[in-house]
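Engineer: Attaching a predicted model along with its sequence, questions to come.
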Protein chains: 2
Amino acid sequence: MTSPAIDHDRLLDRLQRLGSVGRTKSGALTRLALTDADREGRGLLVGWMREAGLEVRIDRIGNIFGVWAPACDTADPVGIGPDGADPVMIGSHIDSVIDAGIYDGCYGVLAGLAVVEALRQAGAAPARPIAVAAFTNEEGVRFQPDMMGSLVHAGGLDIDAALAAVGTDGRVLGEELARIGYAGDLPPGAIRPHCYLELHIEQGPILEAAGLAIGAVDSLQGISWQRVTIEGAANHAGTTPIAARRDAGLAAARVIAHLRDRVAGANAGTLATVGSLRFEPDAINVIPSRAVFTVDLRDPEEERLQAAEDGLARFLEGLAESEGVTVATERLARFRPVRFDPALVELVAEAAERRGLGHRRMTSGAGHDAQMIARIAPAAMIFVPSRGGISHNPAEFTEPADLAAGADVLLDIVAKLAGT
Amino acid sequence: MTSPAIDHDRLLDRLQRLGSVGRTKSGALTRLALTDADREGRGLLVGWMREAGLEVRIDRIGNIFGVWAPACDTADPVGIGPDGADPVMIGSHIDSVIDAGIYDGCYGVLAGLAVVEALRQAGAAPARPIAVAAFTNEEGVRFQPDMMGSLVHAGGLDIDAALAAVGTDGRVLGEELARIGYAGDLPPGAIRPHCYLELHIEQGPILEAAGLAIGAVDSLQGISWQRVTIEGAANHAGTTPIAARRDAGLAAARVIAHLRDRVAGANAGTLATVGSLRFEPDAINVIPSRAVFTVDLRDPEEERLQAAEDGLARFLEGLAESEGVTVATERLARFRPVRFDPALVELVAEAAERRGLGHRRMTSGAGHDAQMIARIAPAAMIFVPSRGGISHNPAEFTEPADLAAGADVLLDIVAKLAGT
């Protein structure tokens, strides 16, 4: 075996090619889960996996696994190993948000593929299989909850419930999965990871601000997603005295302003975002009878996250009283903060150190598939810098040198864990 | 000539029949201007006008005029009278908002028709023609500005500009008008009113609260409509520190809360409403990059209305600074407060008094076609009570006895003005 090395140019080229799939007429990248664009992106990935000699398996929620098991002498390299040869899994996702950047998710999957290619090219014969995973619907824009594929894989969401999810466009997930040809037959969770690694852009400003190349991610914020529906009364904008109004739109605005003022004032690591909001009847001269909006709360500490949820609930109670509206909340997703596996996190830091790369331990602000897989296997994440901290936006960018460094660190760790 | 009398039962029956046109599957009344539902409502009205012996004329903006000119010996009763026999015009509109009530607008048009029928039935031969008008697109929900047909009739909006208006559904007004068969050939303004009367439900709580049957409307609030577009930056909800956010949705919420706090605090007759609001990209885990919303400001005093507009402009300037967003405003409509013709208003009060009906002078909170026609002829309005002050809502309701009383007052005034 020669010394394995990532083909950086090919990795960068594939990022661009995958990032060109799902462009709208205006040029925006929108590759939502289980759309025609997602099918096209999946096709590209599966083709590259097969070219790399991986055995491609699709499970019932559409997760794609490319498995390399050179040391196994069975025709089916999946889920086997009487001696416990579960695979080292490298994963992330390739679905995107609306008007997205090209790195989020795709980088981790394509870097995983590059790692396998580097090991094969070097003539390595790892004792453990290596599986490259692309999990279905990580973003949760079209279907909820987000991180769905990895959640199903980890046994946290029943496959039938997931398949029955109804999208923002009214389509049923299971039908869309079959329509694009990715309703596989592998039972969810069949490929059990020995351990799990996810390489990802930071999507935040910390590494860039500190001038560091690698984040050894030791924990992940807890996430609380709710949908709030406020019902007031539609009435004429020109004749209804202010005191007689039951304005659902105003009530929603008060919630948004309150959330910001609360988290900005507390200065305690809680984040609050209202990203989606609709008024009904949504007419210029009619007081809104209904406002439906989402609340995204995050905190690395479970107690503070609960306090934020409780604070919101109390504010909504008071609002119902003061504005004469009714308020209903629905929980869309709730994940406690996650602590990643200390030994794996240490491996990340050591690998960065050995490569001479500046690094630090850090928390992930975003949710990732790794937090789901952490339920069933030791897991950790590797972050690389995001320019300006920008993500979920066409301006999302990571320097080629940083992308290369992250893949190199991933290669070193996987080579060690898989026993080359 | 016998004493003329309104057929109240027929008036009420026609209100119900017209109110049944434009029902959605769920039963909601939505008869937006120049839709198929509007065509069906227009067809019903035109049929009733012809049955009543009126000459029906359609102008280029689709306004419908039913003209009765018994004293004119010309084949064309429209726009004639060397002795100045311009018609007494009774008008309103039959288009509706989304999920509307059945009285707004339709009541004034159908009562006008009932007045002509009562005079004909009684054998009256008025010296002046009487014209019943249904003006196009009063509500302004689909096409802007609102009160469009009467504004064009009064010469306040060029006919070609009006025909080029693009609707919320992307359709062009002139094309929709032709599609539904109401692109007439009468030049706008050809039928010049000698005077104009509009009978309407109050759409506010004042008459009901005072226990009065008739409002002699002597003025009408000024109206200012703007569209505000706020641009921030889309970014990840979980990784973007609060201080680094440029959240267009939060900025919009601050405007809504500010407007309410300002008008509630001033207690000075200004009304402010944000009825329509959209976020982009409108995703749960993405900070909104764009918020587009409308602002509806009204005040019976021009100076206060201007002060409210100026206050909003200053707030938006400060917001751009404090939230790191850019703000653009677009004027959608602007009408100064209107004073109706004192002699006509006095006639309304006298007619109510003679019928033994409780009455008062009052201001109209809503915009009406009468404010446009007041530019070219003496005009006034008659209000009847709205239960609970509710309008633009399926719960809109006026007692049959109040509907009857309003039509009776209208009959008395028109009989006098037309010279029977």
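Structural biologist: Perfect, I can see it now. Numbering: from 1, shown residues only, chains lettered A, B, ... in the order given.

Engineer: Where is the longest helix in chain A?
Structural biologist: As assigned by DSSP state H, the longest helix anywhere in chain A is helix A:302-323.

Engineer: what mean pLDDT would you report for the helix or strand containing A:Ile382?
Structural biologist: Using DSSP states H and E, A:Ile382 maps to strand A:379-384. The average pLDDT within strand A:379-384 is 98.

Engineer: what packs against that strand?
Structural biologist: The helices and strands touching strand A:379-384, judged by 3 or more Cβ pairs under 8 Å, 6 or more residues apart in numbering or on different chains; DSSP states H and E, are strand A:195-201, strand A:214-220, helix A:342-354, strand A:359-364, helix A:369-373, helix A:400-418. (C-beta placed from N, C-alpha, C; glycine too.)

Engineer: before we move on, the earlier item: in the helix or strand that the longest helix of chain A is followed by, which residues are buried?
Structural biologist: Per DSSP H and E, the first helix or strand lying C-terminal to helix A:302-323 is strand A:326-335. Residues A:Val327, A:Leu332, A:Ala333, A:Phe335 are the ones in strand A:326-335 that count as buried (16 or more other Cβ atoms under 10 Å in any protein chain shown).

Engineer: For chain A, give me the ranges with low pLDDT.
Structural biologist: A:72-84, A:267 (pLDDT under 70).

Engineer: Turn the helices and strands packed on strand A:379-384 into a markdown table, including distance to B:Leu157.
Structural biologist: Output for these, formatted as a markdown table (distance: least, Cβ to Cβ, whole Å):
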| stretch | distance to B:Leu157 |
| --- | --- |
| strand A:195-201 | 53 |
| strand A:214-220 | 58 |
| helix A:342-354 | 67 |
| strand A:359-364 | 56 |
| helix A:369-373 | 57 |
| helix A:400-418 | 57 |
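
Engineer: can you redo the ones you listed as JSON lines with mean neighbour count?
Structural biologist: Compiled in JSON lines, the helices and strands packed on strand A:379-384 are given as follows (neighbours: other Cβ atoms under 10 Å in any protein chain shown):
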{"stretch": "strand A:195-201", "mean neighbour count": "28"}
{"stretch": "strand A:214-220", "mean neighbour count": "24"}
{"stretch": "helix A:342-354", "mean neighbour count": "18"}
{"stretch": "strand A:359-364", "mean neighbour count": "20"}
{"stretch": "helix A:369-373", "mean neighbour count": "27"}
{"stretch": "helix A:400-418", "mean neighbour count": "22"}
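
Engineer: Which one of those lies nearest to B:Asp7?
Structural biologist: helix A:369-373 (71.9 Å; Cβ to Cβ).

Engineer: now what about the strand holding A:Ile382, what contacts it?
Structural biologist: Outside strand A:379-384, the residues that touch it by Cβ atoms under 8 Å, 6 or more residues apart in numbering or on different chains are A:107, A:195-202, A:207, A:213-218, A:220, A:340-341, A:344-345, A:347-348, A:362, A:364, A:368, A:370-371, A:373, A:398, A:402-403, A:405-406, A:409-410, A:413.

Engineer: any idea of the angle that strand forms with helix A:400-418?
Structural biologist: 160 degrees (axes from the mean of the first three to the mean of the last three Cα atoms, to 10 degrees).

Engineer: and strand A:379-384, which strands flank it?
Structural biologist: The pairing partners recorded for strand A:379-384 under DSSP bridges are strand A:195-201 (parallel), strand A:214-220 (antiparallel).

Engineer: List the buried residues for that strand?
Structural biologist: A:Ala379, A:Ala380, A:Met381, A:Ile382, A:Phe383, A:Val384.

Engineer: so what's the residue located most distally from the centre of chain A up against?
Structural biologist: Within chain A, the residue lying farthest from the chain centre (Cα atoms, centre = their mean) is A:Thr239, at 47.9 Å. Going by Cβ under 8 Å, 6+ apart, A:Thr239 touches B:Glu202, B:Gln203, B:Gly204, B:Ser364, B:Gly365, B:Ala366, B:Gly389, B:Ser391.

Engineer: Go back to those residues and keep what's next to chain A.
Structural biologist: Among these, the residues within reach of chain A (Cβ under 8 Å from any Cβ of the partner chain) are B:Glu202, B:Gln203, B:Gly204, B:Ser364, B:Gly365, B:Ala366, B:Gly389, B:Ser391.

Engineer: list the contacts for A:Val348?
Structural biologist: A:Val348 neighbours (Cβ under 8 Å, 6+ apart): A:Ile214, A:Ala216, A:Val217, A:His359, A:Ala380, A:Ile382, A:Val409, A:Ile413.

Engineer: Return the set of residues that bridge with the first one.
Structural biologist: This means A:Ile214. With DSSP bridges as the rule, A:Ile214 is bridged to A:His359.

Engineer: And for A:Met381?
Structural biologist: A:Glu198, A:Val217.

Engineer: what's the burial count for A:Pro187?
Structural biologist: 11 (other Cβ atoms under 10 Å in any protein chain shown).

Engineer: would you put the C-alpha positions of stretch A:321-334 in PDB?
Structural biologist: Extracted in PDB, the C-alpha atoms of stretch A:321-334 (Å, rounded to 0.1, in the frame of the first residue of the first chain):
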ATOM      1  CA  GLU A 321     -55.600  37.800  26.500                       C
ATOM      2  CA  SER A 322     -54.300  41.200  25.400                       C
ATOM      3  CA  GLU A 323     -55.100  40.900  21.700                       C
ATOM      4  CA  GLY A 324     -58.300  38.900  21.900                       C
ATOM      5  CA  VAL A 325     -57.000  36.100  19.800                       C
ATOM      6  CA  THR A 326     -56.700  32.400  20.100                       C
ATOM      7  CA  VAL A 327     -53.400  30.700  19.900                       C
ATOM      8  CA  ALA A 328     -52.500  27.100  19.000                       C
ATOM      9  CA  THR A 329     -49.000  25.600  18.900                       C
ATOM     10  CA  GLU A 330     -47.900  22.400  17.200                       C
ATOM     11  CA  ARG A 331     -44.500  20.800  17.800                       C
ATOM     12  CA  LEU A 332     -42.800  20.000  14.500                       C
ATOM     13  CA  ALA A 333     -39.400  18.800  15.800                       C
ATOM     14  CA  ARG A 334     -37.600  18.600  19.100                       C
END
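
Engineer: what does it contact?
Structural biologist: Taking Cβ under 8 Å, 6+ apart as the rule, stretch A:321-334 contacts A:140, A:144-146, A:223-232, A:245-248, A:250-251, A:254, A:294, A:313, A:316-317, A:319-320, B:284.
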